[in-house]
Structure formats: structure tokens, C-alpha cells
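S.K.: Next one to model:
(6 chains)
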4 protein chains.
Amino acid sequence: MTQVNAKLAKLNRVERNAWTKQNIFEAATKVVGKHGYAEASVARITEQAGVAQGTFYNHFENRQELLDQLLPKIGLDMVEFIRARTGTADAARQEISRFSAFFDFIREVPEFLRILNEAEFFAPIGYQKHLDNISVAYVRILRRARAAGAIHDYSDEEFEAIVHMLMGARGYLSRRYSYSADGVTAVPEHVISAYRKLMTRGLFNASGDQDTP
Amino acid sequence: MTQVNAKLAKLNRVERNAWTKQNIFEAATKVVGKHGYAEASVARITEQAGVAQGTFYNHFENRQELLDQLLPKIGLDMVEFIRARTGTADAARQEISRFSAFFDFIREVPEFLRILNEAEFFAPIGYQKHLDNISVAYVRILRRARAAGAIHDYSDEEFEAIVHMLMGARGYLSRRYSYSADGVTAVPEHVISAYRKLMTRGLFNASGDQDTP
Amino acid sequence: MTQVNAKLAKLNRVERNAWTKQNIFEAATKVVGKHGYAEASVARITEQAGVAQGTFYNHFENRQELLDQLLPKIGLDMVEFIRARTGTADAARQEISRFSAFFDFIREVPEFLRILNEAEFFAPIGYQKHLDNISVAYVRILRRARAAGAIHDYSDEEFEAIVHMLMGARGYLSRRYSYSADGVTAVPEHVISAYRKLMTRGLFNASGDQDTP
Amino acid sequence: MTQVNAKLAKLNRVERNAWTKQNIFEAATKVVGKHGYAEASVARITEQAGVAQGTFYNHFENRQELLDQLLPKIGLDMVEFIRARTGTADAARQEISRFSAFFDFIREVPEFLRILNEAEFFAPIGYQKHLDNISVAYVRILRRARAAGAIHDYSDEEFEAIVHMLMGARGYLSRRYSYSADGVTAVPEHVISAYRKLMTRGLFNASGDQDTP
DNA sequence: CATGAATGAGACTTCATTCAT
DNA sequence: AATGAATGAAGTCTCATTCAT
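M.R.: Purely as a prediction, here's the structure:
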């Protein structure tokens, strides 16, 4: 057996291990996305993954540990997704884009909605991690907009509160307008226009508000 | 046994029946408020109420039925509480009052926060009922403000979206700023000022915004 | 329904409850006696008792609590059994009687052997309770013998050590000579004579030693 | 590859093999001594040894086989330790020395106590082997004492019973007086004096009893 | 011979609900 | 209507052992 083969064999072993973990992870994403955290028993997850229950505990300390990893991981995908769609327009239009892109992401990754919404109660550690990830980045964006003159008269503390309002609003709206029996539908146009008006008039210096040219 | 006695006995029985149900109801409020829906087992609720487990099922079809009644009932108390504190100032200032009063209410009735926040996942039917109660009333308020000239340029559909944003924002903020180890604390001033700015500039015709007199 | 009937009905309920608990208790005695504590799973015990697993937890906090009650309870039966067989001879002969009666009891209640011997590791709380029960009573007996002039030259502390030796010796011997494939057999005569010699010469004033008249 | 190299390599392999087995063995001794047989999972033992779980099964048929080897091996160390400390005094004094040396040994090798005491239930085969080792040797000692005139009036069968009593007494006393939160402490003087009195008066011809010179 | 992931049986415990009294 | 013991399904997790690499 050559060194290459030995290396390959070793790699294969490590890879196989990683594959199994990823496999369980994806199974959990599907199960939680479809049935919610409460119904995501280890039995259900491992069945979906096609492995034995005991295998689960070779890769995760316990059920909760996995659940707490779900949201932060997908949350980063979301951040990347939104960033890629934000463009280089003025700050207000960018914010509308982010708002829209959020709902696009929900349709792209339908599991995300439940994973996000239920996390607060079923995966509080993961939820907090996600919250920090998002709000820090969001406040930074608002600060830049303020530095660029696109926002007046908001303090850093107020930014933080605003960000929480925006996140809360999105969550609520997503539950209200995007859920459906099975599957996620697009958010209606009037939701976006309402958001645009509230933001461009309330937060930004009105440049993105089509209705007040 | 006279007819009077019979009637009295019957009345007593009915009263006692109602009292027991109310007793269980209040016990559930305490338990859910303190430990959350997930920990609100029938055993725990009946123990808190001082009745046997079996008694529970003489008054409620099943555990879920009770849980789903919790939020709508307290929700109405909240509506009344906020209405009483709203005053007769202009529409924008009234909205700020409502926002403030909401946070006052959760300090008045500390159980409300958990009952509200967790309801979406643990008592979805009750949650929906509450949602309808609130949003219908809220949209009506906004329509009146619009009719009175305090709001321009928002359609009815957009109102509905706005209301959901406001409710989402409140929920989020309440979880972020009002929870604490044991007990509920006041929401910081900068949260209220941020809300005021966003609302007076974004939704109303700016009259309530102290910063733009 | 007369008061008597009502009382009977109520008693029946209480009695039935006590019966179930006793039922589980006896099932546990059988299972532990036959297969040992380690194999005495709740499933096995409840199956033996003919009740559902859940029923177990209506009567015992957890598995360990029951296991820890086993030995002390049977231990008291043993004390009574031995006391009834001790007679009124001189102190040395009484001690030989107790030694003999212990082995008689083992044959009377074959489960006792495992319940006693394994308790130290599988039911340490119950074991300690039993230990205290026994050693306190035993030391008292030795003190009386000393007061009556049947024992010389042993201090209270030494009595305690002696008692532990006696108990240890019995345990060891019982395991060695009384166990058998399935069932408990009589202890051979030479074990008793060895014990008699050791005791009458070593502890007592030799009156009970047939070989030195 | 030269023959020398081949031989070296082979030797190394054998040595390495022996070393690994010894390594696992010592790890098991530590684990059982500290946490008891019940907690001595293969995972824990191999972790302590710094080898993979699978490696275990290259050296032992199964978990039980290893556990059953533990006591007999250390038991022989004990025999040697006691023999070295027994001296050449008269038979009764020698017996007291052995009794004392036993307690010295459990302080020297603190793991021994648990390995010995729990073995009866968790490693019955090893326990039996140990029992045979000890009792055969002990009976031989007593026979010699009898031949030398230090013991009268005990038959061989009675010797066997006596030995079991002595061993049982030691086990019991060691558990009672030598265990402590963490570590093993010396046995109190009054335990030794009680033993001396019982033995010198009950078994031997009283020469070792200081109190009856 | 070493590795360590995979297996799956089985353990304890919880809990909503039923039902005879 | 009140009681509370009985039920049994379901959940999480452990662990000795196997086997492909």
C-alpha cells in the first residue's frame, strides 16, 4: 500500500465521519423545518438520516447541542444570501433590498422559517448566537449609513432598538404572510411597500421613497 | 328537602363548578407565566390549583384546550389596560402612549410575557385568536387616524402590514429588554425614543416628534 | 349509600392502593432475590407485579428508592425471626442460637441472601439503614451479657468491632455455604461448631463450649 | 530488511503488544479502584489507557474477562505483602500481624479495597479464584500452627470455616473503618485489640493475649 | 495490531388521558 | 362533579461489541 493510498484511506475515514455528521445535520434541518423542534426527536432525526440512534451520540453530545447549532449555521447562509443581493444603491434602497431578500431566502430555504421562529424557545443558545451575529452586523450597516449622511438623528443605542424592531417585524410578517399549509409563499407587494414607506420616511432621508420623489 | 333548598343546592353546585374552573384557569396562568407552556403539565397545574388531576378533565376537553384559552383572555385585559391609558392627544402621541402602555402592562401582569411569546408554538389556536383580536382593533385605530388626517398615503392593506410590524417589534423588544432573571423590568428610554422617531416620521405626520418641532 | 358503605368504599380505595404498592414491593423482592439488583429493572419488576411501568412511579419516586427499602424491611423480619428463636439459655448459647437462626432465616426467605449481600453496592442507603438497625441491637445484647457477667474484658468500642466481625463472618459464610445453583441449603454442622468454639472461648466465659465442660 | 531488523521489529511488536495489554490492565485497576466496576466502562478504561476502544478487544475477549483478572492478580500482591510482614513470633502473634498487615496493604494499594469488595458481584469468577488462593493458603497456616501445638481442638473442616470467618470479618471491618471520602485511613486500635482478644482466646492457646499473661 | 464510528438493545423516566369509585 | 391510581407510548441516553480501514 503506497503512502498515497494510506493517506487516501485515512482521508476517507475522516471524510466519512464528517459526511455522517453532515448527514445527521441535514436530516435535523429537514425534520425541524417540517415538524418543528418539539417533534424533532432523536429517533426521527436518525431515521431521516438513515443511521442508528446510537450514531447520533457519536457526533453530538446530546439532542440539544445539535438543535442549538441549526439556526446559527443557516443564519450565516442567510446573511451571505442577503449580502449578495443588496447591490450598491443608496442606503434606503439597500435596506428595502435586504428586506426583500430576506423573504426570498425564506422561499429558497423553506426550513429556515421554523428553525428561526421556534429557536427562541427550543434552542435558546443557538438563538442568542444568531441574534448576536445578525444585530451586530445590522447596527454596523446603520452606522455606515449615518456616517454617509443617509441617516440623521439616531444614536447608537437607538440603532440597536431599531434593529430589533426590524428583526421582530420581519419575523412576524414572515409568519403571517409566508407560511402556508405546506410550503412557503412570496410576501405580498403591499407588505414591502409598507415597509418601504416606514423606513424611508422614518429612518432614512426619504431618498428611497418612490411616493415622494 | 324544600324547593328552595334544592335550588340553593343547585346554585351552589353551579357556582362551585365555575369556581373550580376559574381556579384551574388561574393556576394555569401562574404556571405558564412562571415556567412556560412546556413545563405546564396537567399534574403541575392541578397541583397548583389544589384539585385532583381527574378534575381537570371535567372542565376542559384536554390540556391544549386550556392552553389555547389563556392568551386570548389575558389579551383582552391588555387591550383594556392600554385603552385606558391612551388619552386624547393627537394620533402620533397616542401611538407612543400605546407603545409605552404595552410595556407597562407586562410589568403589571408579569405572566403575560411568557404566555404571549410562547403561545405561537405551544398554543397556536389561542395565538391566532389573540392576533385577530389585536390586529383588527389596531387597524381600526389607524384608519381613524387616517380619516382624521393624521396619516397620509397608506392603504388598508399596508395598514395591516404596519400593524404586524408594530406587534412584531413589540414582541421582540419585550423579550430583549424586559426579561430578566426573575421578574420583568422597565424598557429603557432609548427604545421608546427610537420608536417615537420611527413612528412619527415614518407613519404619522410628524406632530409627535419632539426633535422636529 | 350508607356511611358504612362510603367508608368501606374509601377504605377499599386506600387498601387497593396499598395493595398495589405491596404487590410491586414483593415483585421486587422476588426479582432481586433471584436475579440481583443489577438485573432488577423497572420493566422486570412491573412485569412480575403485573402492572404497567408507569404504575411504578405512582408508588416510588424512582427505582433506587424502592431498592433502598428492600433490605431494611426484610432485615426487620429477620431480627424478629431470630429473636423468636433465641431462647433463654445463657449468653453464649443464645449467641450460638442467633448464629443458627440466621442461617435458618436464609432458608426461610431465600431472597434475603442476595438482597443483603448486594445491597452494599446497589442500595447503599438501605444497606446503611440495615447496618444501623442490626449493629445497635447487637451491641446492646453484648452489653447486657457483660453486665450479667457472661463477658469480661471487652470495651464498648471493642464490642462494636466484634459485632462487625460477627456480621461479616455470617455474610461470608452464608455466601460460601448456603448458596447453590438455585436455592439455599443448610449450613453444615462444622461451621456452627467452629463458630461456637470461637465465640465461647474468645468472647464468652466458655460456659457454652461443649468440648470443655 | 536484514534478519536482525526483522527480529527486532518482531520483538518490538511483541513487546509493544504486551505493553499495551499491561497498559489497559493498569488503567482498569485505576478506574475500578476509583469508580468501581459498575462505572468501569470499556470507553472509560481505554480512555484512561490512551488507546482506542477497539484495541481493547485485541487483548481481552470481552469486558468481563478483564474484570475477572483484576482481583486475583492484586490478591497475590497482597499475599506477598502480608507474608513479608508476618515475622517469626508465635502463631497467635503472627495472626495478629497478618490482620494488621492486611489493613496496611489497603492503605498501600488504595484501589484494592473496591476491587476486592465489589468483585463478588461484578467479577464473580475472579472473586472465586481469589477466594481459593487465599483460603487454601490460610488453612495451611492454621494446620501448621496446630501441628506446632499452638491450636487445639479444631478440625480441618472447622479451619476452613474459621478462615472464612476471618476473611469475612476483615472485609467488613475494612469497609466500615477504612473507607473515607477520598482515600483510605488506618484502622483504629480498638478494632485490632478486639480481634486479638477474639483470636488469642478463641482460636489460639492464649499466648498472644497481653491481657492474660 | 490499532483505530473509532456504527450499531441497537435496553434502561429510566414523564405525562396526557381514562375510568372506577 | 371530584378523585387519583393505572395506563402505556414515547423520549433521551448509555454502552458492550463489531468491523472496515
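S.K.: so where's chain A shaky on pLDDT?
M.R.: A:1-11, A:180-184, A:205-213 (pLDDT under 70).
S.K.: Spell out which parts of it neighbour DNA strand E.
M.R.: A:13, A:16-17, A:20, A:51-55, A:57-59 (Cβ under 7 Å from any atom of the strand). (Glycine included, C-beta is placed from N, CA and C.)
S.K.: ok, 10 Å please
M.R.: Applying Cβ under 10 Å from any atom of the strand, one finds that chain A approaches DNA strand E through A:10, A:13-14, A:16-21, A:23-24, A:42-43, A:46, A:49-59.
S.K.: Tell me which residues touch the most centrally placed residue in chain A, please.
M.R.: Nearest residue to the geometric centre of chain A (Cα atoms, centre = their mean): residue A:75, 3.1 Å. By Cβ atoms under 8 Å, 6 or more residues apart in numbering or on different chains, residue A:75 lies in contact with A:116, A:130, A:133-134.
S.K.: Show me the two of these that sit farthest apart.
M.R.: A:116 and A:133 (12.1 Å; Cβ to Cβ).
S.K.: More neighbours: those two, which one.
M.R.: For residue A:116 and residue A:133, the more surrounded residue by other Cβ atoms under 10 Å in any protein chain shown is residue A:116, and the numbers stand at 24 against 16.
S.K.: Would you list the phi and psi of the residue nearest to that one when sequence neighbours are not counted?
M.R.: Spatially, and ignoring its direct neighbours in sequence, residue A:116 is nearest to residue A:71 (6.2 Å; Cβ to Cβ, 6 or more residues apart in numbering or on different chains). In terms of degrees, to the nearest 10, the main-chain angles of residue A:71 are phi -60, psi -50.
S.K.: Can you tell me how far residue A:71 is from residue A:78?
M.R.: Distance, residue A:71 to residue A:78, using Cβ to Cβ, to the nearest Å: 10 Å.
S.K.: In terms of neighbours, single out the busier of those two.
M.R.: Counted by other Cβ under 10 Å, residue A:71 and residue A:78 do not tie: residue A:71 has more neighbours, with 28 against 21.
S.K.: Filter the residues of chain A next to DNA strand E to keep only those in contact with DNA strand F.
M.R.: Among the residues of chain A next to DNA strand E, DNA strand F is touched by A:10, A:13-14, A:16, A:42-43, A:46, A:52-58 when using Cβ under 10 Å from any atom of the strand.
S.K.: so which two of those residues are the farthest from each other?
M.R.: Pairwise distances across those peak at 32.5 Å for A:10 and A:43 (criterion: Cβ to Cβ).
S.K.: For chain A, just list every one of the strands.
M.R.: Taking DSSP state E, chain A contains no strands at all.
S.K.: related to what we said a few turns ago, who touches the residue nearest to residue A:116 in this structure?
M.R.: By Cβ under 8 Å, 6+ apart, the neighbours of residue A:71 are A:115-116, A:119, A:123, A:126-127, A:129-130.
S.K.: now do 6 Å
M.R.: Residues near residue A:71 by Cβ atoms under 6 Å, 6 or more residues apart in numbering or on different chains: A:115, A:119, A:126, A:130.
S.K.: The longest helix along chain A near chain D at all?
M.R.: Looking across chain A with DSSP state H, the single longest helix is helix A:3-35. No. Taking Cβ under 6 Å from any Cβ of the partner chain as the criterion, helix A:3-35 and chain D are apart, separated by no less than 12.4 Å.
S.K.: Next, the buried residues of that helix.
M.R.: Neighbour-count burial for helix A:3-35, with 16 or more other Cβ atoms under 10 Å in any protein chain shown as criterion, is recorded at A:20-21, A:23-25, A:27-33.
S.K.: same deal with stretch A:37-45?
M.R.: Buried positions in stretch A:37-45, judged by neighbour count with 16+ other Cβ under 10 Å: A:37, A:40, A:42, A:44-45.
S.K.: swap in stretch A:84-104?
M.R.: Buried residues in stretch A:84-104, counted by 16+ other Cβ under 10 Å: A:86, A:90-103.
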